[in-house]
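Colleague: return a 3D structure for these sequence lines:
(one chain, ligands or ions: 1)
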Amino acid sequence: MGPEKIVNVLQGKKIILGVCGGIAAYKAADLCRLLVKEGARVHVIMTRSGREFITPLTLSTLSGNPVLTDTFDSEDRNPLVHIEVAEGADLLLIAPATANIIGKLAAGIADDLLTTTALAVTCPALVAPAMNVNMYAKAVVQENLALLQKRGWGIIEPEEGILACGAEGKGRLASLSAIMASVRRTLSVQDFAGRRILVTAGGTREPLDPVRFLSNRSSGKMGYALARAAWERGARVILVSAAPGLEPPWGVEIYQVETAAEMAERVLELFPYVDVVIKAAAVADFRPAQPVPEKIKKGGREFLTVTLEPTVDILAELGKRKEKQILVGFAAETDRALEHGAQKMKAKNVDLMVVNDVTREGAGFGTDTNQVTLLYPDGRREELPLLPKLEVAHQILDAIKALPALAE
Ligand code: PMT
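Modeller: Next comes the predicted model:
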């Protein structure tokens with residue numbers, strides 16, 4: 001049996017995508033495609049100037065729905081179209097949003113289809129501004145954005161960089177991954193709002209000499225999925241990562257580390273400030289006792305003996321220090337997984353152990369799926385099916401949420 005289909009928060013959601021006039025309007029096409037790909041029903045409204053930059057045909061083709069334009073521009077001149085489109089909407093997303101639309105929204109002006117719809121919706125709303133750096137920095141624009149935020153709008157801040165006008169600074173439309181992450185977070189149940197969660201990910205590298213290291217097969221995917229899921233569910237997430245090659249999930253605070261010692265230092269430093277620690281990283285248990293400062297030469301040797309010494313067991317140390325924090329450990333096992341997982345749970349004083357039999361097909365290191373069993377200190381166990389890592393992450397978060405210590 002293959003992995004079950006991931007439960008996607010955008011699946012079946014009605015999203016109104018407002019596209020305004022700015023050079024970034026062309027990016028709305030890709031955004032529309034990504035929203036549709038994640039299962040959303042997208043209804044695009046274009047302003048008159050938006051249509052100067054990208055054609056409605058592009059967006060109607062990508063969304064699979066007719067593009068709506070100004071009330072009296074449409075052939076059937078339906079004066080109730082803004083009410084009809086607003087009906088049942090789950091999200092209004094305006095990307096790119098110009099200084100003009102931001103000003104109109106802040107002032108309550110409703111003189112075209114997008115602004116009348118913005119007043120008619122009852123769902124959450126997001127704006128992703130994009131404009132010239134000086135326009136974005138203008139007090140009136142900043143005050144209008146602050147006003148919108150005060151009234152409950154979500155603002156997806158623009159990025160810094162070289163703008164279409166040649167100027168450099170803040171004003172470029174947020175990246176599509178940032179916009180998609182904000183959309184998912186807005187549509188997700190915020191059951192971890194106000195919680196601080198520290199996640200570790202990846203495999204540590206223990207240097208042997210300046211060019212070689214001892215490591216393991218962890219890609220970091222499991223930890224990154226946990227960080228993404230926790231952020232989308234409202235948590236403030238700190239990711240301590242020993243996975244250099246992965247793009248960090250949007251919104252998380254990331255600390256890149258290499259060795260077990262660096263990970264220990266960072267995690268122990270942050271521990272007093274977090275509510276939950278999830279240790280998905282594969283931390284080396286041993287490291288070369290004396291890393292050599294120069295590259296080790298072959299030099300006619302038949303054997304090379306390396307002496308290893310134990311690293312700090314970070315999870316066990318957290319288990320000793322913990323006060324109110326919830327500790328979630330992972331146990332990567334190749335034999336008698338549940339028995340060994342239960343021993344580690346007890347020895348390291350954790351509140352939830354995720355047992356990962358890495359010999360199972362589709363589970364463990366490097367894969368996009370995983371199959372784990374959750375063990376609780378009271379002896380309960382819950383075996384999950386083979387699932388995409390993001391779905392496993394959500395199930396682990398569900399289990400954490402149900403722990404009595406977090407429910408308090
Ligand atoms: O990164 P991926 O490719 O997605 O793969 C995911 C994974 C297989 C790495 C992950 O699902 C997993 O099982 N992580 C735990 C790996 C591991 O180190 O297991 P362990 O049984 O050796 O350690 C038990 C626990 O103690 C772990 O939570 C580990 O982070 C922690 N530990 C171990 C040693 C040490 N020195 N310090 C620790 O904190």
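Colleague: hmm, residue 208 and residue 215 touching each other?
Modeller: No: using Cβ atoms under 8 Å as the test, residue 215 is too far from residue 208 to be in contact (10.4 Å). Backbone N, C-alpha and C define where each C-beta goes, glycine included.
Colleague: which one of the two is surrounded by more residues?
Modeller: Summary of the neighbour comparison: residue 215 and residue 208, criterion other Cβ atoms under 10 Å, with residue 208 having more neighbours (19 against 16).
Colleague: on the three-state scheme, that one is what?
Modeller: Following DSSP: H, G, I helix; E, B strand; the rest coil, residue 208 is assigned to strand.
Colleague: residues of the stretch 151-300 of the chain that sit close to the ligand?
Modeller: By Cβ under 6 Å from any ligand atom, the part of the stretch 151-300 of the chain that sits against the ligand consists of 218, 219, 220, 221, 222, 260, 279, 280, 281, 282, 283, 285.
Colleague: who's in contact with residue 206?
Modeller: Under the criterion of Cβ atoms under 8 Å, 6 or more residues apart in numbering, the neighbours of residue 206 are 213, 214, 215, 259, 260, 284, 286, 287, 288, 311.
Colleague: okay, it: pLDDT?
Modeller: Among the per-residue scores, residue 206 shows a pLDDT of 98.
Colleague: beta partners for it?
Modeller: For residue 206, the residues forming beta bridges with it (DSSP bridges) are residue 214.
Colleague: for this structure, which spans come out with low pLDDT?
Modeller: Counting by pLDDT under 70, the ranges of the chain that qualify are 1-7, 71-77, 407-408.
Colleague: show me the contacts of residue 206 that map onto helices.
Modeller: Secondary-structure check on these using DSSP state H: residues within helices are residue 260.
Colleague: buried ones among the contacts of residue 206?
Modeller: In terms of neighbour count (16 or more other Cβ atoms under 10 Å), the buried residues within these are 213, 214, 215, 259, 260, 284, 287, 288, 311.
Colleague: TSV please, covering these and showing distance to residue 270.
Modeller: Formatted as TSV, the entries for the buried ones among the contacts of residue 206 read as follows, by distance: Cβ to Cβ, whole Å:
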residue	distance to residue 270
213	24
214	26
215	23
259	17
260	16
284	20
287	22
288	27
311	18
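Colleague: contacting residues for residue 98?
Modeller: Contact criterion Cβ under 8 Å, 6+ apart gives 20, 21, 22, 49, 129, 130, 131 as the residues in contact with residue 98.
Colleague: what is the nearest of those residues to residue 230?
Modeller: Distances from the contacts of residue 98 to residue 230 were compared by Cβ to Cβ; the smallest belongs to residue 129, at 27.0 Å.
Colleague: measure the closest residue to the closest one other than its chain neighbours to the ligand for me?
Modeller: Among residues not flanking residue 129 along the chain, residue 97 sits closest, at 4.9 Å (Cβ to Cβ, 6 or more residues apart in numbering). Distance of residue 97 to the ligand, given as Cβ to the nearest ligand atom, to the nearest Å: 37 Å.
Colleague: show me what contacts residue 97?
Modeller: For residue 97, the set of contacting residues under the criterion of Cβ under 8 Å, 6+ apart consists of 18, 20, 127, 128, 129, 130.
Colleague: can we see that at 7 Å?
Modeller: The neighbours of residue 97, taking Cβ atoms under 7 Å, 6 or more residues apart in numbering as the test, are 20, 127, 128, 129, 130.
Colleague: just put those in JSON lines and tack on distance to residue 338.
Modeller: Formatted as JSON lines, the entries for those read as follows, by distance: Cβ to Cβ, whole Å:
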{"residue": "20", "distance to residue 338": "56"}
{"residue": "127", "distance to residue 338": "50"}
{"residue": "128", "distance to residue 338": "47"}
{"residue": "129", "distance to residue 338": "52"}
{"residue": "130", "distance to residue 338": "52"}
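Colleague: what about those residues, which are in strands?
Modeller: In strands, judged by DSSP state E, the following of the contacts of residue 97 are found: 127, 128, 129.
Colleague: most neighbours among these, which one?
Modeller: For the ones in strands among the contacts of residue 97, neighbours were counted using other Cβ under 10 Å, and residue 129 has the most, 30 neighbours in all.
Colleague: quick check: it touching residue 136?
Modeller: Yes: using Cβ atoms under 7 Å, residue 129 is in contact with residue 136, at 6.5 Å.
Colleague: mutual contacts of the two, please.
Modeller: residue 158.
Colleague: spatially nearest residue to residue 46 (excluding sequence neighbours)?
Modeller: Closest residue to residue 46 apart from its sequence neighbours, by Cβ to Cβ, 6+ apart: residue 19 at 4.8 Å.
Colleague: ugh, typo on my part, it should be residue 217
Modeller: In space, residue 217 comes closest to residue 365 once its chain neighbours are excluded; the distance is 3.8 Å by Cβ to Cβ, 6+ apart.
Colleague: what about that neighbour, neighbour count?
Modeller: Taking other Cβ under 10 Å as the criterion, the count of residues near residue 365 is 16.
Colleague: so what's it up against?
Modeller: 217, 218, 219, 358.
Colleague: so which of those residues is the most crowded?
Modeller: In terms of neighbour count, residue 218 stands highest of the contacts of residue 365 at 24 neighbours, by other Cβ under 10 Å.
Colleague: re the thing from before, show the buried residues in the residues of the stretch 151-300 of the chain next to the ligand.
Modeller: Of all these considered here, the ones buried according to neighbour count by 16+ other Cβ under 10 Å are 218, 219, 220, 221, 222, 260, 279, 280, 281, 282, 283.
Colleague: could those residues be laid out in TSV, adding secondary structure?
Modeller: Shown next, in TSV, are these (three-state DSSP):
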residue	secondary structure
218	coil
219	coil
220	coil
221	helix
222	helix
260	helix
279	strand
280	coil
281	coil
282	strand
283	coil
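Colleague: which members of the residues you listed are the farthest-apart pair?
Modeller: Comparing all pairs in these by Cβ to Cβ, the longest separation belongs to 221 and 260, at 19.7 Å.
Colleague: rewinding a little: and the contacts of residue 206, which is closest to residue 13?
Modeller: The closest of these to residue 13 turns out to be residue 215 (Cβ to Cβ; 40.8 Å).
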